[in-house]
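Here's my sequence, what's the structure:
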Amino acid sequence: MLLRFALFVSVFFSGALSVDPVLADIGPFTARPYRVLIQVAAENPESLRAAFAESVVSRCEIRSRGLWRVEMAWLPPTLAQTVAESYLAPPESWEAFDKVFLVSYLDEQVMTVQEFDVTTRRLGEKTQNGVEHPAKWGDILEFALFRQFSPLTRLDKASSDQADFLLRGVDILTFGGSEPLENPDLVLHSDGVLLPIVRTEDAQGRCLAVTPVPWTALTVKDIDLPSRLVRCRIESGLRGSLSSRRRGNTAIYGLSVPAPQRATTLQFLTRQGAAMPRGLGVYDIFEAVPGETALRRIGRSDLDGRFILEPDPLRPVRICYVKSGNALLARLPVVRGLDEILTVPVPDDPVRLRAEAALIGLQEEFIDTQARREILTLRLEKTKNDKAAQAVRLELAKLKDRPRFLTDLEQAQLRFRSDDSAVQRRIDRMFRETKKVFETP
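Residues are numbered from 1 along each chain as shown. Next comes the predicted model:
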């Protein structure tokens, strides 16, 4: 408690609302401020620095209520084209920060802003902001920074379908939990989603690897301020997507992002990553709202194996089901708009489809034959005339019996072989189930 109080005092009551760099790395996760670097590339950086640097820094720190400790760096226009590429290999100087905002102001009427989260190595979407008058540059930048800001959380515990994440810096905003949270977006986008990201460090805390958890999204259930936690529902196409990944110097973070406003295109590929032959990547797409079981068909992919998911800011996370015929090929938790294109490897399915069509034909023939047999049997029982009875017996003899159907089934199974073991297992299962039908009296 004393450490938390000392940290808060240093953050909120220091002359410039800044924090000693050492303090940013000690103490509980819930009491740590963000070290923020605003890196500006502009045609005339010296004039902007003189006019706005001090005011932007102080206004951001005041608006964040001490949650941000801000520095600004100014770049000449010659570096403007490469500044946004730095996230591929972040300069060592960035490791002293938690957030780096990449600002480009090469056009007097347009400013672009991107957030780079140093912990998770994730570069956010670039936003364009109109600058009506140079005098408003500072106001527009401040607005853009907070709109881009993605709060960071850290996994506390997880089960198969629920995870609790610690809220970074929440103690600074609530005086250690004694006051209500006035601006929740500083610790969490409650109407957005959490993106789970695994970070592995060496013994000195240096980043070794950062890996987003694939096909997994977290939807917010509620915020428990006394416990400094946000409780989330896990939506994943993987088993143990979070609970099985914590070991050694590995931590799981949740990056809170607002609901995206753009469409996402699902692009279906073969399991080997190759493009689907035209016409063979046509699948039926269904979706469900997380937590609900009812499926709703939303369309089919086109001949090139593409399907567009339109944005839905109110419910950005959907569970998409991909079906081919009667077979479920994939269950995909998708954050609509988070990625412009999502590539989806699916089993090579033409062999299974041909096998399914052949089985349907055999099953229909079997049902028709059994119905015909019952009709003729009843007719034979009611026939008094020997000549007519003999004609019925001849018709019955011509009907295909069960052993013949089983033989045809075995021969058909030999014709349908796939190099994909998963597809072959589905084909073999379909033939086994059909065989049981043919063998049942």
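
now do the same end-to-end measure for stretch 90-99.
Stretch 90-99 has its terminal residues 12 Å apart, counting by C-alpha to C-alpha, to the nearest Å.

Can you list the buried residues in that stretch?
W94, F97, D98, K99 (16 or more other C-beta atoms under 10 Å). For glycine as for every other residue, the C-beta is placed from the backbone atoms N, C-alpha and C.

cool, and stretch 334-342?
Buried positions in stretch 334-342, judged by neighbour count with 16+ other C-beta under 10 Å: V334, V335, R336, G337, L338, L342.

Can you give me the pLDDT of G279?
G279 is assigned 68 on the pLDDT scale.

next one: R379
87.

which residue packs closest to it, ignoring adjacent ones?
In this structure, R379 finds its nearest non-sequential neighbour in V392, 5.5 Å apart by C-beta to C-beta, 6 or more residues apart in numbering.

picking that back up, out of the buried residues of stretch 334-342, which is nearest to N129?
Nearest to N129, judged by C-beta to C-beta, of those is G337 at 19.4 Å.

got the phi/psi numbers for that closest one?
phi 90, psi -10 (degrees, to the nearest 10).

residue contacts, it?
A259, P260, Q261, R262, A263, T264, P311, P316 (C-beta atoms under 8 Å, 6 or more residues apart in numbering).

In PyMOL, how would I select the buried members of the residues you listed?
With 16+ other C-beta under 10 Å as the criterion, this PyMOL line picks the buried residues out of the contacts of G337:
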select buried, resi 259+260+264+316
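
Can you lay out the contacts of G337 as TSV showing pLDDT, distance to A357 and secondary structure?
Output for the contacts of G337, formatted as TSV (pLDDT from 0 to 100; distance: C-beta to C-beta, whole Å; DSSP: H, G, I helix; E, B strand; the rest coil):
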residue	pLDDT	distance to A357	secondary structure
A259	79	42	coil
P260	80	40	coil
Q261	81	42	coil
R262	85	38	coil
A263	90	34	coil
T264	92	32	strand
P311	86	37	coil
P316	84	38	coil
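
which intervals of the protein have sub-threshold pLDDT?
1-27, 76-89, 176-179, 240-241, 243-248, 279-280, 348-349 (pLDDT under 70).

Could you check how many residues crowd around the spatially closest residue to F52 that is not a sequence neighbour?
Once flanking residues are discounted, F52 sits nearest to G138: 4.2 Å by C-beta to C-beta, 6+ apart. As a burial measure, G138 scores 17 neighbours (other C-beta atoms under 10 Å).

what helix or strand is G138 on?
In this structure, G138 sits in helix 137-148 according to DSSP states H and E.

Tabulate the CA atom coordinates of that helix in PDB.
Extracted C-alpha coordinates of helix 137-148, given in PDB (Å, rounded to 0.1, in the frame of the first residue of the first chain):
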ATOM      1  CA  TRP A 137      -2.700  21.200 -34.600                       C
ATOM      2  CA  GLY A 138      -2.200  20.500 -30.900                       C
ATOM      3  CA  ASP A 139      -5.900  20.000 -30.200                       C
ATOM      4  CA  ILE A 140      -6.200  17.600 -33.200                       C
ATOM      5  CA  LEU A 141      -3.100  15.700 -32.100                       C
ATOM      6  CA  GLU A 142      -4.300  15.300 -28.600                       C
ATOM      7  CA  PHE A 143      -7.700  14.000 -29.800                       C
ATOM      8  CA  ALA A 144      -6.100  11.500 -32.200                       C
ATOM      9  CA  LEU A 145      -3.700  10.100 -29.600                       C
ATOM     10  CA  PHE A 146      -6.400   9.200 -27.100                       C
ATOM     11  CA  ARG A 147      -8.600   7.800 -29.900                       C
ATOM     12  CA  GLN A 148      -5.700   5.600 -31.000                       C
END
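
Quick one: name whatever helix or strand follows that helix.
Counting by DSSP H and E, what follows helix 137-148 is strand 152-158.

Not counting that next one itself, show me its contacts.
The contact list for strand 152-158 (C-beta under 8 Å, 6+ apart) reads 29, 34, 98, 117, 119-120, 163-168, 187-188, 194, 196, 229-230, 234, 242-243, 246, 251-256.
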